[in-house]
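Student: need a structure here:
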Amino acid sequence: MTEPPDPQTFSVDGVAAPLRYPTFRRIWLASLLSNLGILIQGVGAAWAMTEMTSSADKVALVQTALLLPVMLIAVPAGAIADMYDRRTVTLVALSIALCGATALTALDWSEVTTPDLLLVLCFVVGGGMALMGPAWSSSVSEQVPPKTLPAAIALNGISYNIARSFGPAVGGIVVATAGAGAAFAINAFLYLPLIVALFLWKRVAEPSRLPREHLSRAIVSGVRYIANSPSIKIVVARTMITGVVGSALQALMPLVARDLLHGGAQTYGIMLGAFGLGAVVGALNIGEMRRRMSGEAAVRACTLSMSGAIAAVALSHNSVLTAAALVLAGAVWTIVWTLFNIGVQLSAPRWVAGRSVAAWQAAFSGGLAVGSWGWGRLTDAVGVDITLLVSAGLMLLLPLLGRWLRMPAITERGEDAEMLADPKVRLPLTYRSGPLVVELEYRVASENARAFHNVMQDVQLYRKRNGAYGWSIARDIADPELWTERYHCPTWLDYLRQRNRWTQSERALDEKAMAFHIGPEPVRIRRMLERPFGSVRWKDDVPNRAASEL
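Tutor: Numbers count the residues shown, from 1 in each chain. Got it, this is the predicted structure:
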């Protein structure tokens with residue numbers, strides 16, 4: 001449930017429309033400050049490592065340490081975001097990141113920081129942000145109405161990129177004048193406004209009438225949903241590959257400033273600021289690009305432009321030319337990631353939104369982390385300029401992925417359908433009773449057989465991603481008009497969940513399959529307990545808890 005819009009502020013349409021909602025506006029402004037602090041800390045950590053060691057491998061590992069936790073814990077974090085109050089999860093995650101930033105500050109001021117210790121504490125900060133990411137991203141849909149969700153997602157990207165447009169430059173000045181410890185301290189302080197804004201958010205959650213999933217089952221449910229959702233799989237795959245190929249520019253930015261431009265911390269901050277400025281320009285034009293181009297065409301155009309920008313950075317030794325190339329790189333980089341993010345969030349229903357976002361973030365951060373490590377190793381061998389040219393060449397080839405992994409055409413999020421009443425049963429059941437076998441008998445005219453079979457292949461996908469397994473469709477050889485759909489659910493509780501996870505589009509698909517049915521009788525549905533003895537009660541002397549559980 002979202003708050004009504006504030007009619008006195010931000011009444012414009014377009015990308016600023018979500019700012020009319022007070023909760024989103026308050027959290028968004030606080031997140032802008034938090035993003036500023038994170039970027040200032042990133043400059044401090046990268047430059048501190050540059051001063052402690054001359055190894056390009058170690059410098060690139062700073063970004064890996066910040067991003068690797070997202071790849072490692074994103075799926076559990078997504079399950080936690082869907083299982084618990086997303087506001088509470090975000091507050092806990094921010095507290096972890098705050099502790100890491102505070103420890104970095106104390107150790108730097110005590111002059112006991114080592115390269116390995118810096119990486120460990122960056123990993124702690126990254127761990128807090130990894131836990132926060134799915135809950136933070138999926139909670140946006142609870143702060144604004146569905147029609148403004150794409151704009152809200154874009155605004156969150158704009159928040160980060162506004163901070164990036166001048167945060168690194170500020171970070172460079174802070175590091176140059178007061179040292180890396182001051183950058184760590186500023187980051188710790190700027191977490192506080194976001195913590196306060198989240199405390200003020202009066203989140204209204206709709207209680208579920210079914211028990212909460214256990215963490216392990218929630219993870220399995222999320223993986224199963226993504227595995228049976230073609231649109232999400234395509235976006236996740238494109239995200240991972242693009243992250244690996246395109247991570248060279250950001251991972252090696254300190255070395256670009258030091259080795260190619262022969263500058264210091266301020267030059268590094270200015271170059272990051274140019275990249276962030278371009279990112280703001282790109283984020284402000286995402287809506288227009290989505291109106292004018294398909295998702296696949298926009299991604300292709302951006303990757304080609306990114307290739308040219310990386311090549312220009314590799315060949316340039318002039319700060320002005322490098323900054324101009326970074327403005328272009330920042331614009332197209334932001335557009336690509338925002339398109340991927342929107343594609344995932346619009347493809348996932350509310351019950352699995354956190355886990356779907358987590359999979360995307362794992363692919364995104366995993367690609368950047370692995371790519372940063374690889375590009376750092378290559379830089380030690382061949383140098384910064386050659387490494388960037390290799391990255392640009394591979395980026396030039398990325399549009400070919402569209403031949404096999406074409407971006408899905410999704411314009412709005414699939415909203416949850418109305419909950420179904422539980423089926424009437426006479427056998428006493430507990431939530432753990434199972435496995436359950438479900439059979440549906442359709443009678444379909446022979447001339448419609450192939451069309452019906454094609455529709456049922458789509459039905460198979462949504463049945464599986466919502467909790468079913470062992471799905472099959474069979475045609476009676478003695479009565480060709482008779483078709484039987486059959487699938488399993490692990491327990492009675494899983495079946496109840498499966499019935500109430502449908503979106504409106506999935507419900508429409510089910511009705512499309514039902515429309516093929518002919519004859520005076522409706523589609524016949526059988527629900528059978530596969531283990532009728534030993535599944536209702538674990539032991540003969542254990543009381544039957546079916547009545548209390550149901």
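
Student: contact partners for the closest residue to Leu328 other than its chain neighbours?
Tutor: Closest residue to Leu328 apart from its sequence neighbours, by Cβ to Cβ, 6 or more residues apart in numbering: Ala309 at 4.5 Å. Every residue, glycine included, has its C-beta placed from N, CA and C. Residues in contact with Ala309 (Cβ atoms under 8 Å, 6 or more residues apart in numbering) are 249, 325-326, 328-329, 332.

Student: wait, which of the residues you listed is closest to Val370?
Tutor: Leu249 (15.3 Å; Cβ to Cβ).

Student: tell me the pLDDT of that closest one.
Tutor: On the pLDDT scale, Leu249 is placed at 92.

Student: from the contact counts, what lies against the helix or strand that Gln457 is a member of?
Tutor: Using DSSP states H and E, Gln457 falls within helix 449-465. Under the contact criterion of 3 or more Cβ pairs under 8 Å, 6 or more residues apart in numbering; DSSP states H and E, helix 449-465 touches helix 215-227, strand 469-475, strand 482-489, helix 504-514.

Student: mind putting the ones you listed in JSON lines, mean neighbour count and mean pLDDT included?
Tutor: Shown next, in JSON lines, are the helices and strands packed on helix 449-465 (neighbours: other Cβ atoms under 10 Å; pLDDT from 0 to 100):
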{"stretch": "helix 215-227", "mean neighbour count": "18", "mean pLDDT": "89"}
{"stretch": "strand 469-475", "mean neighbour count": "14", "mean pLDDT": "96"}
{"stretch": "strand 482-489", "mean neighbour count": "19", "mean pLDDT": "96"}
{"stretch": "helix 504-514", "mean neighbour count": "15", "mean pLDDT": "90"}
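
Student: give me the buried positions along the helix holding Gln457.
Tutor: 452, 455-456, 459-465 (16 or more other Cβ atoms under 10 Å).

Student: contact partners of it?
Tutor: 224-230, 442, 444, 471, 473, 475, 480, 483, 485, 487, 498, 502, 506, 509-510, 512-513, 516.

Student: between it and strand 482-489, how big is the angle?
Tutor: Orientation check (axes from the mean of the first three to the mean of the last three Cα atoms, to 10 degrees): helix 449-465 against strand 482-489 gives 10 degrees.

Student: distance from helix 449-465 to the middle of the chain?
Tutor: Helix 449-465 has its C-alpha centroid displaced from the chain centroid by 28 Å (Cα atoms, centre = their mean, to the nearest Å).

Student: what's the spacing between stretch 464-480 and its chain's center?
Tutor: With Cα atoms, centre = their mean, you get 33 Å for stretch 464-480.

Student: repeat that for stretch 260-268.
Tutor: Per Cα atoms, centre = their mean, the centroid offset for stretch 260-268 relative to its chain is 33 Å.

Student: and it, how far apart are its ends?
Tutor: End-to-end distance for stretch 260-268, by Cα to Cα, to the nearest Å: 11 Å.

Student: got the contact list for that stretch?
Tutor: Counting by Cβ under 8 Å, 6+ apart, 43, 46-47, 168-169, 172-173, 175-176, 253-254, 257-258, 271, 313-314, 316-319, 322, 384-385 sit against stretch 260-268.

Student: now restrict those residues to buried residues only.
Tutor: Counted by 16+ other Cβ under 10 Å, the contacts of stretch 260-268 give 43, 46-47, 168-169, 172-173, 175-176, 253-254, 257-258, 271, 313-314, 316, 319, 322, 384-385 as buried.

Student: looking at those, which are in helices?
Tutor: 43, 46-47, 168-169, 172-173, 175-176, 253-254, 271, 313-314, 319, 322, 384-385 (DSSP state H).

Student: what residue ranges in the protein score low on pLDDT?
Tutor: 1-14, 164-165, 205-208, 410-419, 532-550 (pLDDT under 70).

Student: list the contacts of the residue positioned nearest the centre of the chain.
Tutor: Among the residues of the chain, the one closest to the centroid is Val357, at 2.6 Å (Cα atoms, centre = their mean). Val357 sits next to 78, 81, 133-134, 137-138, 341, 344-345, 348 when contact means Cβ under 8 Å, 6+ apart.

Student: with neighbour count, secondary structure and distance to Lys58 added, can I get the residues you listed in TSV?
Tutor: Below are these laid out as TSV (neighbours: other Cβ atoms under 10 Å; DSSP: H, G, I helix; E, B strand; the rest coil; distance: Cβ to Cβ, whole Å):
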residue	neighbour count	secondary structure	distance to Lys58
Gly78	31	helix	31
Ala81	28	helix	33
Gly133	27	helix	26
Pro134	35	helix	30
Ser137	24	helix	31
Ser138	24	helix	35
Asn341	22	helix	31
Val344	28	helix	33
Gln345	24	helix	36
Ala348	27	coil	38
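
Student: now do the contacts for Leu398.
Tutor: 241-242, 245, 303, 307.

Student: quick one: which of those is most hemmed in?
Tutor: Within those, neighbour counts (other Cβ atoms under 10 Å) peak at Thr242, which reaches 26 neighbours.

Student: Ala359 versus Gly222, what's the distance?
Tutor: 7 Å (Cβ to Cβ, to the nearest Å).

Student: give me the common contacts of those two.
Tutor: 75, 78.

Student: so what does Arg443 look like in phi/psi?
Tutor: Torsion angles at Arg443 (phi, psi; degrees, to the nearest 10) stand at phi -120, psi 120.

Student: still on that earlier bit, closest one of the contacts of Ala309 to Ala283?
Tutor: Once Cβ to Cβ is applied, the member of those that ends up nearest Ala283 is Val332, at 11.2 Å.

Student: ok now the helix or strand hosting the closest one, how far from the chain's centre?
Tutor: Assigned by DSSP H and E, Val332 belongs to helix 319-347. Averaging C-alpha positions (Cα atoms, centre = their mean) puts helix 319-347 16 Å from its chain's average.

Student: ditto for stretch 353-367
Tutor: The answer for stretch 353-367 is 4 Å, by Cα atoms, centre = their mean.

Student: equivalent analysis for stretch 494-509, please.
Tutor: Distance, centroid of stretch 494-509 to centroid of chain: 23 Å (Cα atoms, centre = their mean).

Student: ok, now stretch 157-166?
Tutor: 18 Å.

Student: got the contact list for it?
Tutor: Residues outside stretch 157-166 that contact it (Cβ under 8 Å, 6+ apart): 15, 28, 31-32, 35-36, 38-39, 272-273, 275-277, 279-280, 282-284, 286, 330, 334, 337-338, 341.

Student: returning to what we had before: is the residue nearest to the centre of the chain within a helix or a strand, and which one?
Tutor: helix 353-382.

Student: could you give the number of residues near Gly264?
Tutor: 15.

Student: tell me the SS of whatever residue is furthest in space from the centre of the chain?
Tutor: Using Cα atoms, centre = their mean, the residue of the chain lying farthest from its centre is Ala478. It sits 49.4 Å away. Three-state call for Ala478 (DSSP: H, G, I helix; E, B strand; the rest coil): coil.

Student: now it: how far from Ala101?
Tutor: 71 Å.

Student: do the same with Phe275
Tutor: 23 Å.

Student: now Val437
Tutor: Distance, Val437 to Ala101, using Cβ to Cβ: 53 Å.

Student: go on, Leu32?
Tutor: 17 Å.

Student: comparing these two, which residue is more hemmed in?
Tutor: Ala101 (27 against 20).

Student: element containing that one?
Tutor: Applying DSSP H and E, one finds Ala101 within helix 86-109.

Student: would you mark the buried spots in that helix?
Tutor: So, applying 16+ other Cβ under 10 Å, buried residues of helix 86-109: 86-87, 89-91, 93-94, 96-105, 107-108.
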